[in-house]
Structures are given as C-alpha cells and as structure tokens.
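Enquirer: Sequence and predicted structure below; questions after.
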Amino acid sequence: MSWQGLDDFIERVRARLDPPVGDGRLIESGDMDFLTPDEVAIIRPAAVLFGVIPRRGGATALLTLRPDTMPDHAGQVALPGGKVDPIDLDEVAAALREAHEEVGIAPHDVDVLGKGAPYVTGTRYRITPVVGLLPHDFVPVPEPGEVAAIFETPLEFLMNTANHHTGEAFYRGKHRTFYEMPHNGYRIWGVTAGIIRRLYQTLYESD
C-alpha cells in the first residue's frame with residue numbers, strides 16, 4: 001500500500017494499533033531468539049514515543065541520536081524513550097515522561113493515537129512504541145546528557161518499503177538480519193528501524 005497522507009496514517013493507527021489504554025493485542029517481535037531462558041525471565045519493560053509532527057512541508061517523525069557515553073545502544077539513532085519506572089502508570093506514561101526529559105515535549109501537548117507491537121531487544125528490553133501527534137510548531141529542546149542530536153525524518157520516507165534496506169551481521173554467536181533506513185546523513189537501523197518496520201507492517205500490509 002502506498003503512502004496516502006497523514007490523515008490516512010492517523011486513521012490506520014487508530015484502527016490497527018492497540019488503544020492507548022488497556023492490554024495489547026499485537027504480538028511482540030524482535031530479538032527474542034538471541035536471549036536465554038534466564039534472560040527472558042528478567043526482560044525489562046520500556047517505551048518510546050514515535051512522535052509525528054504535521055509540518056507544513058509534510059509530516060515528520062522525531063528521532064534522536066544517543067550520546068557515545070550511553071551504556072546501551074550508544075551512538076545510535078533512537079526514538080525518545082526509556083525504561084518504565086515505578087512512578088509510571090503504564091508504557092504510555094513512560095514514553096511521555098521520557099520524551100519530556102529528552103526532547104522537551106510536554107505530555108499534555110501529545111495526542112496519543114495508539115500503541116504498536118512490543119519489540120524485544122537483545123539487551124533485554126521489551127519496548128512498546130507509542131504513536132503520538134505533536135504540535136505543528138513544536139521546537140525540540142535536547143537534554144545533553146541523554147541526547148547528542150535531534151532530527152526529523154519525513155513520515156512518507158519511513159512508511160515506504162523502498163527505503164527499508166536489510167543488512168547482515170553476527171550477534172551473540174548467531175547470524176541475524178536487520179533493517180536500516182539511512183536518511184540525510186543519519187543511519188536509522190537496528191532496534192529503531194525494526195520498530196518502524198513493524199509499525200509499517202501493522203498499518204499497511206494487511207490491505
């Protein structure tokens with residue numbers, strides 16, 4: 001299915017993703033095969049915000065570059081987010097809190113549309129992507145300790161399989177295939193690209 005614009009995207013999110021409140025229906029994916037049973041038992045819940053900004057020139061998705069000093073996924077492109085803490089009501093609350101801390105978006109300024117399928121990482125996180133609409137004039141404010149850079153990528157680009165390339169590597173002694181979506185000098189790959197790919201599949205491949 002080809003890109004039909006932001007309004008169509010929003011309709012698909014509301015119809016095909018899990019609702020913001022309640023248990024999810026979508027089946028998790030990711031790197032579960034690379035974890036031992038003991039590691040599976042201690043998977044930690046996390047959440048990220050897939051923030052969509054309706055810019056005049058076309059809708060964009062907000063992405064960050066993690067500092068090289070981060071303990072996990074250092075120097076990689078990421079969606080704003082992090083671990084679900086005891087203070088968080090649920091994954092949505094965690095994604096909004098982390099996005100507020102990392103890029104300066106106030107939780108009440110995010111129109112939460114739905115939750116995507118959880119993605120399990122080899123670093124033992126079960127990441128729930130939360131899709132939300134941000135104000136058209138949002139100006140991000142990076143938290144230097146957690147964000148090295150903030151950038152936007154056209155939503156139309158991310159929701160186009162022609163831009164979903166695959167790479168191969170050995171990870172934890174096993175062969176694996178991963179997605180990457182290079183754009184404008186940034187390498188969107190690994191977990192972030194996997195989350196975006198699964199989001200595309202859920203929204204568009206069932207037509």
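Expert: All right, it came through fine.

Enquirer: So residue 108, which state does it fall into?
Expert: Look at residue 108: counting by DSSP: H, G, I helix; E, B strand; the rest coil, its state is helix.

Enquirer: what about it, distance to residue 150?
Expert: As judged by Cβ to Cβ, to the nearest Å, residue 108 and residue 150 stand 20 Å apart. For the C-beta atoms, the positions are set from N, CA and C on the backbone; glycine is no exception.

Enquirer: Which of the two has more residues huddled nearby?
Expert: Applying other Cβ atoms under 10 Å to residue 108 and residue 150 shows that residue 150 carries more neighbours, namely 18 against 8.

Enquirer: Helix or strand: which one has the more buried one?
Expert: Following DSSP states H and E, one finds residue 150 within strand 149-154.

Enquirer: what kind of secondary structure is residue 156 in?
Expert: Secondary structure state of residue 156, per three-state DSSP, is helix.

Enquirer: Can you report how many residues neighbour residue 82?
Expert: Residue 82: 21 neighbours (other Cβ under 10 Å).

Enquirer: who does it bridge with?
Expert: Beta bridges link residue 82 to residue 47 when assigned by DSSP bridges.

Enquirer: wait, it sits on residue 96?
Expert: No: taking contacts as Cβ atoms under 8 Å, residue 82 lies outside contact range of residue 96: 11.3 Å.

Enquirer: Look up phi and psi at residue 52.
Expert: phi -100, psi 130 (degrees, to the nearest 10).

Enquirer: which residues touch it?
Expert: Contacts for residue 52 (Cβ atoms under 8 Å, 6 or more residues apart in numbering) come out as 6, 9, 59-62, 131-134, 155.

Enquirer: And for residue 59?
Expert: 6, 9, 52-53, 154-156.

Enquirer: Select from these the one having the most neighbours.
Expert: Neighbour counts for those (other Cβ under 10 Å) peak at residue 52, which has 24 neighbours.

Enquirer: Please tell me how far that one sits from residue 7.
Expert: Going from residue 52 to residue 7 by Cβ to Cβ gives 12 Å.

Enquirer: and what of residue 15?
Expert: Using Cβ to Cβ, we find residue 15 at a distance of 13 Å from residue 7.
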